[in-house]
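> A structural model of the following input is requested.
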Amino acid sequence: MKIAFPYYHRLVLPLYGLARLFFIACVDTDDGQVVSCRLQTFDPQDQSLGDWLAANRVDGLFSGDSPPWLLDELERRGIWHRQTPAGEPLQILGQWLRQGPSSARPAASWLLSGSWS
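Purely as a prediction, here's the structure:
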């Protein structure tokens with residue numbers, strides 16, 4: 001499974017528009033391990049964010065904001081999104097994996113649990 005994180009934890013940056021730097025992590029949900037994590041550049045002049053994420057075979061996205069107009073595009077492409085408190089991508093993934101994701105899509109209860117230790 002591939003999960004993306006905006007570098008600055010927001011999809012939309014005031015004064016700058018759409019985020020352009022994303023971490024894309026490959027996660028083995030069966031073993032609960034992060035296999036790899038790479039920094040990638042998105043260019044909104046070339047394609048939409050949804051198209052770029054789909055081309056990179058991203059399954060889901062964690063970010064600190066949730067602009068409805070952008071989330072609609074992601075949902076149409078089958079890419080899930082979860083809004084999370086700010087944090088390092090590997091810490092957020094570790095927390096999600098420790099909760100024992102039972103499916104490809106993280107449960108809303110994980111987000112609302114508040115257990116960010």
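> quick one: what helix or strand has Glu73 in it?
Using DSSP states H and E, Glu73 sits within helix 68-76.
> kindly report the same for Leu61.
strand 60-63.
> alpha carbons of that strand, as CSV, please.
Below are the C-alpha coordinates for strand 60-63, written out as CSV (Å, rounded to 0.1, in the frame of the first residue of the first chain):
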residue,chain,number,x,y,z
GLY,A,60,-4.4,7.0,0.7
LEU,A,61,-3.3,10.4,1.9
PHE,A,62,-2.8,11.8,5.4
SER,A,63,-2.8,15.6,5.9
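> rounded mean pLDDT for the next helix or strand after the helix holding Glu73, please.
For helix 68-76, the following helix or strand on the C-terminal side (DSSP H and E) is strand 80-83. Averaging the model's pLDDT scores along strand 80-83 yields 91.
> which other helices and strands contact the helix or strand just after strand 80-83?
The element immediately downstream of strand 80-83 (helix or strand, assigned by DSSP H and E) is helix 89-98. If you count contacts as 3 or more C-beta pairs under 8 Å, 6 or more residues apart in numbering; DSSP states H and E, helix 89-98 packs onto strand 2-6, strand 21-28, strand 33-41, strand 60-63. All C-beta atoms are positioned from the backbone trio N, CA, C, and that covers glycine.
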